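Trainee: Quick one, structure for this:
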Amino acid sequence: MPEWDSVYDFVSVGSGGGGLVGALRAADAGFSALVLEKQALVGGSTAMSGGMVWLPVNPLLRAGEDSYEDGMAYFEEVVGDSGPGSSRERRHAYLTDGPRMITFLQGAGMRFKRCDGYPDYYDNRKGGKAAGRSIEGLPYDGRRLGEWRHKLQPGLAASIGFPAMTEEIPAMMHFNRSLGSLRVAGRIALRGLVSKIRRKPLLTNGSSLVGQLVERAVERRVPIWLETTVDDLVVEDGKVTGVRITRDGVAKNIQARKGVLLAAGGFAHNEKMRREHGGEQRTTGEWSMSNPGDTGEVLATAMALGARTDLLDEAWWLPNPSSYFGMSALNSARQRAHTIYVDEAGKRFCNEANSYVEVGKAMFARDKTARAVPCWLVFDDNYRRKYTHSQTSVGRLPKEWLASGKIKKGATPAELAAACGIDPAGLVSTVESFNVHAAKGEDPEFGRGESAYNRHLGDPGNKPNPALGPLDRAPFYALRIYPSDVGTCGGLVTDEHARVLGEAGEPVPGLYATGNITSTVMGRTYLGAGGSIGNTMVFGFVAAEHACGVSS
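Mentor: Got it, this is the predicted structure:
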């Protein structure tokens, strides 16, 4: 029997949304809770993200706007049969416990806004909603965090330089394309100016969500130990009873009397694991934009205990240009007019404006027959003239981009193709065929712009289809697009109570898991903005209630 250096009821491994919500729920029920984080900053992938939470039937929706039945139909229609991580029982838990979780957080003082009009990613499928089901935290005064303000993992707003809410970003990027978008951009600018004058640091996106969670955890005296690694799980008579950690260079045993929650993320930056488990979607992680702490040690520890796994070849794919371009608007060019993605043969292979996860998977699927990893983003001078390209560039590509050779240029599609190593005849044929229909706002091959989601992220000033326009103005441009990701999303198989399951399907006593360390309830797809955060927060909440015996 180990000697315990500290004793808690509930221990969360990882300080993202799932770990914090789990600890907060346990503490609110009167149990002692501890959060362990190996990095020097709190928040993990959740803090780095847009901070949206996708959740059907959530309490911010209008009465009668959504239903359990619609939510379940949407799962069945879009996710389908994708393995045990998205069993009907886990979907039921997501749809029933998720709304309770939001109500609980609101009762604890957290403030959310419904992202009205931000559509589900498959709004035109059964159960999908064009008005959307996503919510996000309101702009949050970082001063409320005290010393913790400077211990937050940097978020999206810090990268773009504006205190924009995630739901506002599509309009902000098109500030020069419609009066409505200009109003939104003006609101963001005014918010930033007032914040600066008042010396009131505003946190938005994932920073708002994590900041609010950390404030509640501190209020409830939940310790958050940074720079603390979990070296092993302590198992007694087949039950996980605690963790072995290293903190300040000292090894310690921490008892968890009710349960251990693994919320430590996936293995996006673990080259060995990605090569071993990537299957037909194998990368080394070199293109990943995920949390730097996404290195898989805790997942490997649970696997060594005999935990069952699934979907280890999956990730939250996010097609992107190379890191050379930084936080440019080129990563969303596929959703604007006058652009296409093509493979090395010069052929399109997907609806470019669909979910980033779907498009990333389409790149791997196409690569089996024609090289599409990387593929090419092709656009014309209409695109160059109309849109923002970086924080300081509108209607003009930065000279250094062209000088670097990372963006190719040609007077004709054939000349561009030759510069890129694309089949010239293939690209010419594709552009000619695409233009005939795109001029009328149509895409009979892939349906681009037919869904509310496609149109929402497109150019509001481009008629008749915000997501679609011909490539008919010289010169033409192209750059490589890679299947980047913001984290892996396969791992431990858990049940509807978030209990980790063994190879035979039996729960591992005392061990729970949530988030990117698990096989997600979203399966091999992404249902709406904030699906990954919804997954981790809901099952962190569920785990704490089950472990602590809290009745719903």
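
Trainee: From now on I want contacts and neighbour counts done on CA atoms only, so please keep to that.
Mentor: Will do.

Trainee: name the helices or strands packed onto the helix or strand of the chain with the lowest mean pLDDT?
Mentor: Least confident helix or strand of the chain, by mean pLDDT, DSSP states H and E, is helix 156-160 with a mean of 73. Helix 156-160 is packed against helix 205-219, with contacts defined by 3 or more Cα pairs under 8 Å, 6 or more residues apart in numbering; DSSP states H and E.

Trainee: Give me the helices and strands touching the following helix or strand past the helix it packs on, please.
Mentor: Sequence-wise, the next helix or strand downstream of helix 205-219 (DSSP states H and E) is strand 224-225. Under the contact definition 3+ Cα pairs under 8 Å, 6+ apart, strand 224-225 sits against strand 33-36.

Trainee: Need the contact partners of the strand it packs on.
Mentor: For strand 33-36, the surrounding residues in contact (Cα atoms under 8 Å, 6 or more residues apart in numbering) are 8-15, 19-20, 23-24, 26-27, 222-226, 228-230.

Trainee: repeat that with 6 Å
Mentor: Residues lying outside strand 33-36 but in contact with it, judged by Cα atoms under 6 Å, 6 or more residues apart in numbering, are 8-14, 23, 27, 222-225.

Trainee: I'd like to know which of those residues are buried.
Mentor: 8-14, 23, 27, 222, 224-225 (16 or more other Cα atoms under 10 Å).

Trainee: Show me which of the contacts of strand 33-36 is closest to residue 468.
Mentor: residue 14 (41.6 Å; Cα to Cα).

Trainee: Excluding chain neighbours, what is closest to the closest one?
Mentor: By the measure of Cα to Cα, 6 or more residues apart in numbering, the closest residue to residue 14 outside its immediate chain neighbours is residue 264, 4.3 Å from it.

Trainee: Check which helix or strand the one you found maps to.
Mentor: When secondary structure is defined by DSSP H and E, residue 264 falls outside every helix and strand.

Trainee: how close does it sit to residue 142?
Mentor: 25 Å (Cα to Cα, to the nearest Å).

Trainee: do residue 348 as well
Mentor: Look at residue 348 and residue 142: by Cα to Cα, they are 45 Å apart.

Trainee: same question, residue 512
Mentor: Using Cα to Cα, residue 512 is found at 31 Å from residue 142.

Trainee: Residue 336 too?
Mentor: When distance is defined by Cα to Cα, residue 336 is 34 Å away from residue 142.

Trainee: Looking at these two, which is more packed in?
Mentor: It is residue 336, of residue 336 and residue 142, that has more neighbours when counted by other Cα atoms under 10 Å, with 28 against 22.

Trainee: Show me what whatever helix or strand residue 19 lives in is packed up against.
Mentor: Secondary-structure element containing residue 19, defined by DSSP H and E: helix 17-28. Applying 3 or more Cα pairs under 6 Å, 6 or more residues apart in numbering; DSSP states H and E, one finds that helix 17-28 makes contact with helix 531-548.

Trainee: packing partners for the helix it packs on?
Mentor: With contacts defined as 3+ Cα pairs under 6 Å, 6+ apart, the secondary structure elements packing on helix 531-548 are helix 17-28, strand 52-54, strand 250-262.

Trainee: And it, how far out from the chain middle?
Mentor: 17 Å (Cα atoms, centre = their mean, to the nearest Å).

Trainee: Give me the angle between it and helix 17-28.
Mentor: Here helix 531-548 points in a direction 30 degrees away from that of helix 17-28 (axes from the mean of the first three to the mean of the last three Cα atoms, to 10 degrees).

Trainee: pLDDT (mean, whole number) over helix 531-548?
Mentor: The predicted model assigns helix 531-548 a mean pLDDT of 98.

Trainee: Name the residues that touch it?
Mentor: 17-18, 21-22, 26, 53-54, 98, 258-259, 497-498, 514-515.

Trainee: The residues you listed: which two are farthest apart?
Mentor: Longest distance between any two of those is 28.9 Å, between 54 and 258; criterion Cα to Cα.

Trainee: and this structure, what are its domains?
Mentor: With automatic domain parsing as the criterion, the domains of the chain are listed as 44-219, 224-314+488-548, 317-485.

Trainee: okay if I get the ones you listed as JSON lines plus distance to residue 36?
Mentor: What follows is the domains of the chain, written out as JSON lines (distance: least, Cα to Cα, whole Å):
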{"stretch": "domain 44-219", "distance to residue 36": "11"}
{"stretch": "domain 224-314+488-548", "distance to residue 36": "5"}
{"stretch": "domain 317-485", "distance to residue 36": "25"}
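
Trainee: Tell me which of those lies nearest to residue 3.
Mentor: With respect to residue 3, and counting by Cα to Cα, the nearest of the domains of the chain is domain 224-314+488-548 at 6.9 Å.

Trainee: and the closest one, how far from the chain's centre?
Mentor: For domain 224-314+488-548, the distance to the chain centre is 17 Å (Cα atoms, centre = their mean).

Trainee: How about stretch 385-401?
Mentor: Per Cα atoms, centre = their mean, the centroid offset for stretch 385-401 relative to its chain is 26 Å.

Trainee: Same question for stretch 375-385.
Mentor: Taking Cα atoms, centre = their mean, one finds stretch 375-385 lying 26 Å from the centre of the chain it belongs to.

Trainee: Endpoints of that stretch, how far apart?
Mentor: Criterion Cα to Cα; first-to-last residue distance in stretch 375-385 is 23 Å.

Trainee: Show the low-confidence segments of the protein, by residue range.
Mentor: Across the chain, residues meeting the criterion (pLDDT under 70) sit at 552.

Trainee: looking at it, which residue lies furthest from center?
Mentor: Relative to the C-alpha centroid of the chain, counting by Cα atoms, centre = their mean, residue 1 is the outermost residue, at 40.9 Å.

Trainee: What separation is there between it and residue 304?
Mentor: Relative to residue 304, residue 1 is positioned 21 Å away (Cα to Cα).

Trainee: for residue 363, same thing?
Mentor: 33 Å.

Trainee: Those two: which is more packed in?
Mentor: residue 363 (26 against 10).

Trainee: hang on, that one is in a helix, isn't it?
Mentor: Yes - judged by DSSP: H, G, I helix; E, B strand; the rest coil, residue 363 forms part of a helix.

Trainee: Enumerate every residue touching it.
Mentor: residue 372.

Trainee: now swap in residue 487 and tell me
Mentor: The neighbourhood of residue 487, defined by Cα under 6 Å, 6+ apart, consists of 268, 290, 315-316.
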